[in-house]
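> need a 3D model of the following:
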Amino acid sequence: MRIYHGGELAKRSYYLNVKKWELIPLEDGSIIEGEPKQIFFRLSLIETLFSAPLLGAVYVIFLPIAGFVVLAKVLCTRMRKWL
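I've put the predicted structure just below:
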């Protein structure tokens, strides 16, 4: 798997922005938008079909867990101030 950076020419495929966890569809001759420091991976159609639902599932599972963690932290902080 080749690593691409922002500003490079792209072939027709889907590219995964590692920083934002975003799938970007690009056509032949398109330029990958982003800073030269940003890292992108080129995904084939098969890899895209498997990774897109997986990324969605991780988001759906992680978001409620993150909410409960933040709620627990807020409650613990308020309990410390109260005691």
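> grab the nearest non-local neighbour of the most centrally placed residue in the chain.
For the chain, Trp21 is the residue whose C-alpha lies nearest the centre (CA atoms, centre = their mean; 1.0 Å). Once flanking residues are discounted, Trp21 sits nearest to Leu55: 6.1 Å by CB to CB, 6 or more residues apart in numbering. For every residue, glycine as well, the C-beta is placed using N, CA and C.
> for the one you found, give its distance to Ile61.
Counting by CB to CB, to the nearest Å, the separation of Leu55 from Ile61 is 11 Å.
> so for those two, which sits in the more crowded spot?
Each of Leu55 and Ile61 has its neighbours counted (other CB atoms under 10 Å); Leu55 has more, 14 against 10.
> and the next helix or strand past the helix or strand that contains Tyr15?
Assigned by DSSP states H and E, Tyr15 falls within strand 13-17. Downstream of strand 13-17, the first helix or strand assigned by DSSP H and E is strand 22-26.
> partner strands of whatever helix or strand comes next after that following strand, with direction?
Per DSSP H and E, strand 22-26 leads on to strand 30-31 as the next helix or strand towards the C-terminus. Sheet pairing of strand 30-31 (DSSP bridges) gives strand 9-10 (antiparallel).
> please list the outside residues in contact with the strand it pairs with.
With CB atoms under 8 Å, 6 or more residues apart in numbering as the contact definition, strand 9-10 has outside contacts at 4, 26-32, 42.
> so how far is Phe41 from Val18?
From Val18 across to Phe41, the span is 7 Å (CB to CB).
> looking at those two, which is more packed in?
Set Val18 next to Phe41 and count neighbours by other CB under 10 Å: Phe41 wins out with 16 against 12.
> I'd assumed Phe41 was in a strand, is it?
Yes: Phe41 forms part of a strand when assessed by DSSP: H, G, I helix; E, B strand; the rest coil.
> would you mind naming the residues that bridge with it?
Judged by DSSP bridges, the bridge partners of Phe41 are Ile3, Leu16.
> what pLDDT is listed against it?
In this model, Phe41 is scored at 92, pLDDT.
> thinking again about what came up before, distance-wise, check the residue nearest to the centre of the chain relative to Arg12.
Per CB to CB, Trp21 is found 22 Å from Arg12.
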